[in-house]
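Chemist: Just to be clear, the model below is a prediction. Sequence and coordinates:
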Amino acid sequence: MAIVEMSKLSIVGLNTDKSDMLSLLIKRGLVQIDDSAYLLEEEEYGQTLHRDSAEADVIQLEQKISLIGQCLESIQKYVTVKKPMFAPKRGYRSIESEAEEDKIFETAVNINMFHRDLESAKNEENAAIMKKEMLLPWASLDVELHQLETKHSKMILGTFPTTMKLEHVRSKLEEVALESVVNVVKSDKQFDYCYVIAHKEVYDNAMEALKEFGFVPAALPRVEGTAQQGIKEFEKLIDKRKKEQQQLQEDIKAFADMIPALENLYDYYTIEKQQKKAHEKLVKTENTFCLTGWVASKEANRLTEELTSKFNCVVETQQGNKEEGYPILLENNSLVTPFESITNMYSCPSTKDIDPNSIMSFFYIVFFGMMLSDAGYGVVIALVSFFIVKKAKMKKGEGNLFKLLGWCGISTIVWGCIFGGIFGDLIAIPTLINPLEDVMVLMGLSLLFGIIHIYVGLGIKGYMLIRDGKAIDALFDVGLWYVFVTGICLLVIPVVAGPIGIWSEVGKYLSIIGAVGLILTQGRSFKGIFMKGFKGVSSLYGITSYFADILSYSRLMALCLSTGVIGQVINLLGDIAGPIPAIFIGVIGHTANLLINALGAYVHTSRLQYVEFFGKFFEGGGSPFEPFKRRTKYTAVSSEQD
């Protein structure tokens with residue numbers, strides 16, 4: 001339950017062993033490979049070392065991955081794969097023979113060819129439909145469309161806007177092109193579909209006149225015969241292409257049983273690509289290569305022994321320096337691990353930090369449960385979350401959100417029993433604290449949790465200072481604030497909650513001791529008596545920040561009341577509406593209340609950790625450990641395969 005110590009790893013091996021060594025390293029998943037290009041800048045090696053690369057292999061693998069991805073999309077478009085909800089991934093199987101790989105890849109190529117032909121048939125069908133639609137307005141015209149011109153006349157088809165009166169068009173044609181005629185074939189809401197026949201000598205004059213009236217020549221597909229004959233030909237083509245599509249779809253569906261093999265091959269190529277991409281981080285000479293990276297110190301000896309026993313290589317490890325920093329790998333139990341994602345959303349710990357997740361997870365569970373505070377909602381959240389985890393067979397590090405919500409659901413059940421809330425007030429149970437009646441008790445409990453949370457954060461800061469050999473700083477920067485804040489709290493409590501006896505007197509002396517101590521010590525890093533005194537006095541203003549942080553925990557009470565009151569209102573509406581409507585109102589209302597307030601609890605609990613808790617001690621800024629391991633999309637790699 002801490003930050004794992006890391007060792008710097010350096011490997012020098014033969015180029016002939018490089019692929020096999022990378023294959024072993026990716027199976028083990030223990031090493032983060034760093035870019036070794038910095039060695040090229042060193043005078044000692046710069047002339048003999050060169051950057052390694054397998055770019056051609058990477059490009060080829062990317063093309064294969066793309067092809068198989070398209071193939072899977074094609075099959076899944078026409079095949080309904082019945083997969084249980086939250087079913088775990090199939091196990092990954094390494095492809096041992098080139099013949100097996102070629103056979104599956106050839107299948108993918110054939111499926112893509114079927115899909116290409118299918119898309120081509122669809123495009124041809126759509127084109128035929130469009131051409132048919134273009135001919136439909138002219139179906140009643142008994143004229144062969146490929147013969148619209150005689151020795152002395154020309155015929156053209158086109159449209160006028162329906163707002164244009166043809167009498168005006170005919171009058172104009174009588175003026176400029178007497179030997180011409182215009183008639184309507186069909187009309188709709190927008191256009192009059194017309195034909196115009198004119199003598200060749202006045203054809204151009206007629207066209208110029210028609211333009212004035214918004215005449216647009218029709219762009220028709222090339223057909224032999226009349227429009228009606230063209231429509232029938234296109235209908236035959238459409239029917240033919242539909243049958244082709246049906247057959248091609250059946251051909252693709254026939255490969256449904258190949259989906260597992262294709263998905264496995266996709267992941268196989270993905271892993272191969274990862275190995276080839278790793279070459280970009282290596283440097284090499286004519287016969288050797290160099291790899292640098294990081295490995296957990298506890299795994300360093302075992303990995304070194306395995307590499308040197310299987311390959312002709314030199315392996316060196318060096319303990320990482322916390323001051324210089326190294327990649328961060330956290331090691332926690334199964335309860336705490338899901339909460340690492342909460343910390344990482346804020347920032348990855350640095351080597352100078354301690355792993356806050358063990359302590360933070362406890363407060364997170366408590367605060368979330370108190371904010372949601374309904375046992376019925378807690379049961380739903382816990383059952384759903386743990387069901388999904390079990391159904392999907394999620395291992396450690398997987399499904400962290402569901403595991404986190406499961407533990408928070410249990411906390412919600414506990415708090416719901418304390419506050420007497422089960423789906424609002426649907427089921428009456430004895431209460432230890434009634435949120436609506438014991439508001440001041442609830443407020444006091446919320447602020448008490450805040451003080452404890454902040455004090456724990458200060459305590460961690462003090463521990464870190466003592467660990468780093470700064471015991472005096474821990475005393476002055478943490479201990480004195482403990483004294484001062486505690487004293488002020490004891491002075492404030494009587495004003496808000498009534499007399500507390502001798503503790504008020506204790507608070508007065510603690511406040512004086514803390515204030516004097518802070519004035520004398522908080523300016524110690526500055527030169528000159530004036531600056532030391534000024535910084536010491538101004539540091540007392542920090543008490544406002546502490547009290548602002550403490551008051552921020554009133555959100556625990558606010559969200560608790562919000563959940564309970566809304567739940568009771570939903571139940572009241574159900575009582576008013578009657579038994580049958582009450583069912584719908586209850587289901588919909590409580591579902592909405594659960595989702596909204598669970599989201600609120602998640603957000604506000606996270607905020608309390610980030611601002612009020614982490615702000616007291618957490619530095620962050622670390623880089624997470626990114627091991628060189630097999631990452632797959634469709635299948636799951638089991639530890640037994642390593």
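Modeler: All right, it came through fine.

Chemist: Would you mind measuring from the nearest residue to Glu5 once chain neighbours are set aside to Gly450?
Modeler: Leaving aside its sequence neighbours, Glu5 sits nearest to Ser297 (Cβ to Cβ, 6 or more residues apart in numbering; 4.4 Å). Yep, even glycine has a C-beta here, placed from its N, CA and C like the rest. Separation of Ser297 from Gly450 (Cβ to Cβ, to the nearest Å) stands at 38 Å.

Chemist: what does Phe476 give?
Modeler: 24 Å.

Chemist: go on, Thr605?
Modeler: 13 Å.

Chemist: Show me where the stretch 151-300 of the chain has its helices.
Modeler: All helices of the stretch 151-300 of the chain, identified by DSSP state H, counting those that start in this stretch, fall at 166-176, 203-211, 227-253, 259-278, 297-310.

Chemist: Could I have the CA atoms of the second one written out in PDB?
Modeler: Taking C-alpha atoms only, helix 203-211 is exported to PDB below (Å, rounded to 0.1, in the frame of the first residue of the first chain):
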ATOM      1  CA  TYR A 203     -34.500  27.700 -82.100                       C
ATOM      2  CA  ASP A 204     -31.900  30.100 -80.600                       C
ATOM      3  CA  ASN A 205     -34.400  32.900 -80.400                       C
ATOM      4  CA  ALA A 206     -36.800  30.700 -78.600                       C
ATOM      5  CA  MET A 207     -34.200  29.600 -76.100                       C
ATOM      6  CA  GLU A 208     -33.300  33.200 -75.300                       C
ATOM      7  CA  ALA A 209     -37.000  34.000 -74.800                       C
ATOM      8  CA  LEU A 210     -37.600  31.000 -72.600                       C
ATOM      9  CA  LYS A 211     -34.700  32.000 -70.200                       C
END
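
Chemist: picking that back up, which of the helices of the stretch 151-300 of the chain is buried the deepest?
Modeler: helix 259-278 (a mean of 20; mean count of other Cβ atoms under 10 Å).

Chemist: Phe476 and Gly450: who's more crowded?
Modeler: For Phe476 versus Gly450, neighbours defined as other Cβ atoms under 10 Å are more numerous around Gly450 (24 against 18).

Chemist: which residue packs closest to the more buried one, ignoring adjacent ones?
Modeler: Tyr553 (3.0 Å).

Chemist: That neighbour reaches Gln609, doesn't it?
Modeler: No. Counting by Cβ atoms under 8 Å, Tyr553 does not reach Gln609; the two are 11.9 Å apart.

Chemist: where do the strands sit along the stretch 51-200 of the chain?
Modeler: 90-91, 153-161, 180-187, 191-199 (DSSP state E, counting those that start in this stretch).

Chemist: Tell me which stretches of the stretch 1-150 of the chain form helices.
Modeler: Counting by DSSP H, counting those that start in this stretch, the helices of the stretch 1-150 of the chain are 18-28, 55-78, 98-135.

Chemist: so can I have JSON lines of the ones you listed showing distance to Val143 and mean neighbour count?
Modeler: Listed next are the helices of the stretch 1-150 of the chain as JSON lines, based on distance: least, Cβ to Cβ, whole Å; neighbours: other Cβ atoms under 10 Å:
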{"stretch": "helix 18-28", "distance to Val143": "73", "mean neighbour count": "18"}
{"stretch": "helix 55-78", "distance to Val143": "44", "mean neighbour count": "16"}
{"stretch": "helix 98-135", "distance to Val143": "12", "mean neighbour count": "15"}
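
Chemist: Minimum distance to Asp204: which of those has it?
Modeler: helix 98-135 (25.9 Å; Cβ to Cβ).

Chemist: mind listing what the residue nearest to Gly450 touches?
Modeler: 446-447, 449-450, 453, 608, 612 (Cβ atoms under 8 Å, 6 or more residues apart in numbering).

Chemist: what do you get if the cut-off is 10 Å, keeping everything else the same?
Modeler: 367, 443, 445-454, 604, 608, 612 (Cβ atoms under 10 Å, 6 or more residues apart in numbering).

Chemist: same thing with Val380?
Modeler: 374, 409, 412-413, 423, 590-591, 594, 598.

Chemist: With Gln522 instead?
Modeler: 476-477, 480-481, 532, 535-540, 542.

Chemist: Near the residue nearest to it when sequence neighbours are not counted, how many other residues are there?
Modeler: Once flanking residues are discounted, Gln522 sits nearest to Ser539: 3.7 Å by Cβ to Cβ, 6+ apart. Around Ser539 there are 19 other residues, counting by other Cβ under 10 Å.

Chemist: Assess the claim that Ser539 and Ser525 are in contact.
Modeler: No. Counting by Cβ atoms under 10 Å, Ser525 is not a contact partner of Ser539; they are 11.6 Å apart.
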